[in-house]
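Asker: Prediction below, plus the sequence it came from.
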Amino acid sequence: MPKIPQSSSKPRKPREMTWDNIDKMLEAGCEGTEIAAFFGISDDTLYRACQADKGCGFAAYRAQKRSSGDTLLKETMFASAMKGDRALQIFLAKNRLGMRDNPKDDTSDTQPIVKIEITHIDPENAEPSDG
C-alpha cells in the first residue's frame, strides 16, 4: 500500500461561524448543506441553531435571506445597466422584457385554424336544429 504523504502545513484555523457570515452566504444563494460543510459542522447542527437563535425553521430563514440577495443583485444589475453597461442592458432586455435578437413573424408561430360548428338545440324538442 502506498504511503500517504503527511502535510507539512499547519492545520487550518476554524472559520468563524456567525449569523452575519451565514446570512451573506445565504444571500449569495448557498444551500444549508454547503454552509454547514464550509464551517465543518453537520447540516442538522446548522438547522437546530437556526431554530434556537432565530426562532424559525432553516427553510424559511434561507428563503428570506435568498430573496434579499436576489433583490440586491437585481438592484446592482439595473444600476450598472443604467450607467451604460451594454452587456447588462442586452441581458435585461432579453430576460426581463422578452426581447430577442431575431424577431420572428408572429404569424409563423400560429396554430392552424380549427373549424368549430355550433348547433342550437331546441329545448322543447331536444333535437338539434340549424338555428
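Answerer: Everything's here; your move.
Asker: C-alpha only now, for contacts and for neighbours.
Answerer: OK.
Asker: quick one: low-confidence parts of this structure?
Answerer: Scanning the chain for pLDDT under 70 picks out the ranges 1-14, 103-112, 115-116, 118-120, 122-123, 125-131.
Asker: can we see that at 80?
Answerer: The chain contains residues with pLDDT under 80 at 1-15, 102-131.
Asker: what about the longest helix in it?
Answerer: helix 58-82 (DSSP state H).
Asker: Quick check: next helix or strand after it?
Answerer: With elements assigned by DSSP states H and E, the helix or strand that comes after helix 58-82 is helix 86-95.
Asker: now for that next one, which elements pack on it?
Answerer: Applying 3 or more Cα pairs under 8 Å, 6 or more residues apart in numbering; DSSP states H and E, one finds that helix 86-95 contacts helix 58-82.
Asker: List the buried residues of stretch 26-39.
Answerer: Within stretch 26-39, the residues that count as buried by 16 or more other Cα atoms under 10 Å are 26-29, 32, 35-36, 39.
Asker: can you list contacts of the longest helix of the chain?
Answerer: Identification of contacts with helix 58-82 by Cα atoms under 8 Å, 6 or more residues apart in numbering yields 23, 26-29, 32, 47, 50-51, 87-89.
Asker: which one of those residues is nearest residue 124?
Answerer: Nearest to residue 124 out of those is residue 89 (Cα to Cα; 65.1 Å).
Asker: Neighbours of that closest one, how many?
Answerer: 17 (other Cα atoms under 10 Å).
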